[in-house]
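Trainee: Sharing a model that was predicted from the sequence below.
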Amino acid sequence: MQKKNYKILARNYHTYQGEIDIIAKDEEEYVFVEVKTRTTSLFGKPVEAVNLKKKNHLLRATEYFVYKNRLNNDLIRFDIIEVYIKENTSFINHLKNIFG
């Protein structure tokens with residue numbers, strides 16, 4: 001994300017409502033990111049691991065971050081970063097605006 005000019009604001013942001021893996025800012029909006037890693041496809045794609053319960057935790061944690069940082073009028077979006085690892089190589093897939 002830093003290579004794509006995102007400013008990383010927080011990593012592993014914990015609240016009572018849940019956790020946000022990465023909070024970043026691009027030119028226009030705040031980006032709340034869930035990172036999922038897989039070494040095999042036996043259990044599905046990483047994006048498939050972000051179920052309704054995980055989405056709800058992410059939303060509640062984001063609401064808290066927005067409240068604490070007074071971002072009520074700022075644009076936000078939710079992304080997922082899929083990380084695939086096989087042997088000594090890795091592939092990253094950035095899915096933008098997953099709730100869009």
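Mentor: Yes, it's here. Please read these numbers as outputs of a predicted model, since none were measured by experiment.
Trainee: What helices and strands are in contact with the longest strand anywhere in the chain?
Mentor: Taking DSSP state E as the assignment, the strand of the chain that covers the most residues is strand 76-86. Secondary-structure packing of strand 76-86 (3 or more Cβ pairs under 8 Å, 6 or more residues apart in numbering; DSSP states H and E): strand 30-38, helix 52-68, strand 89-95. Using the backbone N, CA and C atoms, a C-beta is placed for each residue, glycine as well.
Trainee: Using TSV, lay out those together with distance to Lys3 and mean neighbour count.
Mentor: Shown next, in TSV, are the helices and strands packed on strand 76-86 (distance: least, Cβ to Cβ, whole Å; neighbours: other Cβ atoms under 10 Å):
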stretch	distance to Lys3	mean neighbour count
strand 30-38	15	20
helix 52-68	24	15
strand 89-95	11	12
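Trainee: got JSON lines for these, with distance to Phe78 and mean pLDDT too?
Mentor: Shown next, in JSON lines, are these (distance: least, Cβ to Cβ, whole Å; pLDDT from 0 to 100):
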{"stretch": "strand 30-38", "distance to Phe78": "5", "mean pLDDT": "95"}
{"stretch": "helix 52-68", "distance to Phe78": "7", "mean pLDDT": "94"}
{"stretch": "strand 89-95", "distance to Phe78": "9", "mean pLDDT": "93"}
